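**Student:** okay, sequence plus prediction incoming.
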Amino acid sequence: MTDGPEKLPVDVLGYQVDHHVRRDPHRQAAALSDVILGGQDGLVNVLGVILGVAAATANTRIVLAAGMAATFAESVSMAAVAYTSRLTDSAFYQSEREREYRHVHLVPSVERQEIREIYLNKGFDGELLDRIVETITADTDTWVGVMMSEEHKLSPTDRPMAIRSGLIVGLSAIIGSLIPLSPFIFFPVQVGIWSSVLLGALTLFVVGVYKARATVGHAGRSGLEMAVIGTLSAMVGYVVGLIFRVPGTS
């Protein structure tokens, strides 16, 4: 028998939290980073390509063909890079982890002192610091895990995470790429150019605002910075297109 329903744990702000439904904030942050990376890069790169092609020719079909080719080439490339970079991170993590196991085995006193210094710098001292050091170093896996996270600032990455990252980046790049391309489906080239620029800038602004709200920073400033930097980067393509403009193109 119990006196009543079990109370949920309370976080540092005093809110009740059900630990069964909580998500790992590090995984959420990684997913958000992948979405922004893929979407922003796809949008800016494809916007630059289609602005360059549109500046050089008034043929909407050519603009769409160039944009679609850039969309899928960019998306596949970014997905592959995200996947392989995560695998590289995983290999580096495993290498450093094995090195820490060797150090713990060969020079445990040195590694134990490093643990002590880590938590001394966090403000622990005296008997409490001794208990922390003894508890951590009592288990080799825990010991190495603390060294990886606290000394090297590394987090484990496995193949499923690499695949997930690649898929998120690739799909985000496709979605981001199609945004500046869509005006050319409905409008002639000259109208499509400025419609694409405005739509791309607005999308980048919204993404910048969302990123600031989801992490830290001033929402308006973040949105404006992302919109301005992304748009100016894409306009380089327009300038290049003007250099190679087909004579007689209006």
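**Tutor:** Now that the structure is in, tell me what you want to look at. These numbers come from a predicted model, not from an experiment.
**Student:** which residues does Leu37 contact?
**Tutor:** 78, 82, 169, 172 (CB atoms under 8 Å, 6 or more residues apart in numbering). Using the backbone N, CA and C atoms, a C-beta is placed for each residue, glycine as well.
**Student:** quick one: mean pLDDT for the helix of greatest length in the chain?
**Tutor:** Identified as the longest helix of the chain according to DSSP state H is helix 60-106. The average pLDDT within helix 60-106 is 90.
**Student:** which two among the contacts of Leu37 are spaced furthest apart?
**Tutor:** Ala82 and Ser172 (9.8 Å; CB to CB).
**Student:** tell me, what's touching the two both at once?
**Tutor:** 34, 37-38.
**Student:** if you rank the contacts of Leu37 by neighbours, which is first?
**Tutor:** With neighbours taken as other CB atoms under 10 Å, the top of the contacts of Leu37 is Val169, carrying 29 neighbours.
**Student:** host element of that one?
**Tutor:** Secondary structure assignment for Val169, by DSSP states H and E: helix 159-181.
**Student:** contacts only, for Leu87.
**Tutor:** 157, 159, 162.
**Student:** weed out the non-buried ones from those residues.
**Tutor:** 157, 162 (16 or more other CB atoms under 10 Å).
**Student:** TSV for the contacts of Leu87, including distance to Val206 and pLDDT?
**Tutor:** Shown next, in TSV, are the contacts of Leu87 (distance: CB to CB, whole Å; pLDDT from 0 to 100):
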residue	distance to Val206	pLDDT
Thr157	30	76
Arg159	33	80
Ala162	29	85
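**Student:** and the contacts of Leu87, which is closest to Gly48?
**Tutor:** Ala162 (28.2 Å).
**Student:** state the distance from that closest one to Thr135.
**Tutor:** 33 Å (CB to CB, to the nearest Å).
**Student:** same check on Arg116?
**Tutor:** In terms of CB to CB, Arg116 sits 12 Å off from Thr135.
**Student:** more neighbours: these two, which one.
**Tutor:** Between Arg116 and Thr135, Arg116 has the larger neighbour count (other CB under 10 Å), namely 18 against 12.
**Student:** give the next helix or strand downstream of the host helix or strand of the more buried one.
**Tutor:** Assigning secondary structure by DSSP H and E places Arg116 in helix 108-121. For helix 108-121, the following helix or strand on the C-terminal side (DSSP H and E) is helix 126-137.
**Student:** determine the set of other helices and strands touching that next one.
**Tutor:** Other elements packing on helix 126-137 under the criterion 3 or more CB pairs under 8 Å, 6 or more residues apart in numbering; DSSP states H and E are helix 108-121, helix 140-146.
**Student:** next, the angle from the longest one to helix 60-106.
**Tutor:** In other words, helix 108-121. Relative orientation of helix 108-121 and helix 60-106, computed by axes from the mean of the first three to the mean of the last three CA atoms, to 10 degrees: 120 degrees.
**Student:** what does helix 108-121 rub up against?
**Tutor:** With CB under 8 Å, 6+ apart as the criterion, helix 108-121 contacts 100, 103-104, 129, 132-133, 136-137, 143, 146-147, 150-151.
**Student:** what's in contact with stretch 162-170?
**Tutor:** Residues contacting stretch 162-170 (CB under 8 Å, 6+ apart): 30-31, 34-35, 37-38, 75-76, 78-84, 86-87, 90.
**Student:** point out where this protein drops to low pLDDT.
**Tutor:** Counting by pLDDT under 70, the chain shows low-confidence ranges at 1-30, 246-250.
**Student:** quick one: residues contacting the most centrally placed residue in the chain.
**Tutor:** The chain has Ser33 as the residue nearest its centroid, 2.0 Å off, counting by CA atoms, centre = their mean. Residues near Ser33 by CB under 8 Å, 6+ apart: none.
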